[in-house]
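Asks: Below is the sequence, then the predicted model.
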Amino acid sequence: MLKTLSISTIIRLILLTGLLSLFFACSSAPKSFEGVGVLKDIPINKEAVKDAIENEWSIPEQYKNISVEQIKAQIEITDYMVIKGAATRAEKDMIDDKKSPKMKADIEALASYANKLISLEGVVNIGGGQKSSPLDIKETQPGKYEIWFCADKNQQRKPCRYRAFLLYEGPEGKGDTLFTHDNVIRFWGVMLGEEIGRLSTGNLAGYSYKRYPKVRVLDLEIIK
């Protein structure tokens, strides 16, 4: 009986098939064409890629024409610990019927918060194992930042267990210096879904994967 594959697994299989086809095409190509950029002939739907990125950053329609003050007055989640399914075990590319009932329940629980308003106070996660390691911030486009937020503002546990993945628009060109190690921040935003993050286990296993909330930030303040 055939097993149902997850979307990410199917995509990997398609990519693998394409790479194998490319390999055999290159192997059988005349020597006069060796070194010529074969990859440039592979069609890439640039518009689809652009649309996917823009959709991720877009603000849900119901919040586009609402003031920040109104958003703040409607916040539903102010405590990380009430978010069911957050900071739970996740494995990439697992076949659906291999996921445990608990894992499936965690996925559904976190997904149920989509489009809900959230506000948390904490710090930016540290990207490495040292206190002086760079902050876990990536400026993927000018003024657009992907930030791993830590709800434990005292960072008593390292690595931080209670995280959220923030999409935040700010000043351009700051990179991982957008905030400092001493900054405590509060954000207001809308829940989008989940982001799978890699967490160092500190043992022979090396890493584990956890499921965290993904949030489109609508407003942010530096508390200190």
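Replies: Noted; the coordinates are in hand.
Asks: Now for the chain, the helix or strand with the poorest mean pLDDT.
Replies: Lowest by mean pLDDT, DSSP states H and E among the helices and strands of the chain is helix 7-28, with a mean of 50.
Asks: Residue 78: neighbouring residues, count only.
Replies: 12 (other CB atoms under 10 Å). The C-beta positions use only the backbone N, C-alpha and C, and glycine is treated the same way.
Asks: wait, residue 120
Replies: 24.
Asks: name the element it belongs to?
Replies: Using DSSP states H and E, residue 120 maps to strand 117-124.
Asks: Is the closest residue to residue 146 other than its chain neighbours part of a helix or strand, or is it coil?
Replies: Excluding the flanking residues, the one nearest residue 146 by CB to CB, 6 or more residues apart in numbering is residue 138, at 4.7 Å. Classification of residue 138 using DSSP: H, G, I helix; E, B strand; the rest coil returns strand.
Asks: check contacts around residue 138.
Replies: 145-146, 175-176 (CB atoms under 8 Å, 6 or more residues apart in numbering).
Asks: Same question for residue 114.
Replies: 191-193.
Asks: circling back to that earlier point, for the strand holding residue 120, name the packing helices and strands.
Replies: strand 144-150, strand 185-200 (3 or more CB pairs under 8 Å, 6 or more residues apart in numbering; DSSP states H and E).
Asks: ok, of those, where does mean pLDDT dip lowest?
Replies: Lowest mean pLDDT within those: strand 185-200, at a mean of 92.
Asks: Restricting to C-alpha, output stretch 113-131 in PDB.
Replies: Once non-C-alpha atoms are left out, stretch 113-131 reads as follows in PDB (Å, rounded to 0.1, in the frame of the first residue of the first chain):
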ATOM      1  CA  TYR A 113      -4.100  30.600  16.400                       C
ATOM      2  CA  ALA A 114      -3.800  31.900  12.800                       C
ATOM      3  CA  ASN A 115      -4.900  35.500  12.500                       C
ATOM      4  CA  LYS A 116      -5.100  36.000  16.300                       C
ATOM      5  CA  LEU A 117      -3.400  39.100  17.800                       C
ATOM      6  CA  ILE A 118      -0.500  38.600  20.100                       C
ATOM      7  CA  SER A 119       1.800  40.700  22.200                       C
ATOM      8  CA  LEU A 120       4.900  39.500  24.100                       C
ATOM      9  CA  GLU A 121       7.800  41.000  26.000                       C
ATOM     10  CA  GLY A 122      11.300  39.500  25.800                       C
ATOM     11  CA  VAL A 123      14.600  39.600  24.000                       C
ATOM     12  CA  VAL A 124      16.200  38.700  20.700                       C
ATOM     13  CA  ASN A 125      17.600  35.200  20.800                       C
ATOM     14  CA  ILE A 126      21.400  34.800  20.700                       C
ATOM     15  CA  GLY A 127      22.500  33.100  17.600                       C
ATOM     16  CA  GLY A 128      25.400  31.100  19.100                       C
ATOM     17  CA  GLY A 129      26.400  29.500  22.400                       C
ATOM     18  CA  GLN A 130      28.300  32.500  23.800                       C
ATOM     19  CA  LYS A 131      26.900  35.700  25.400                       C
END
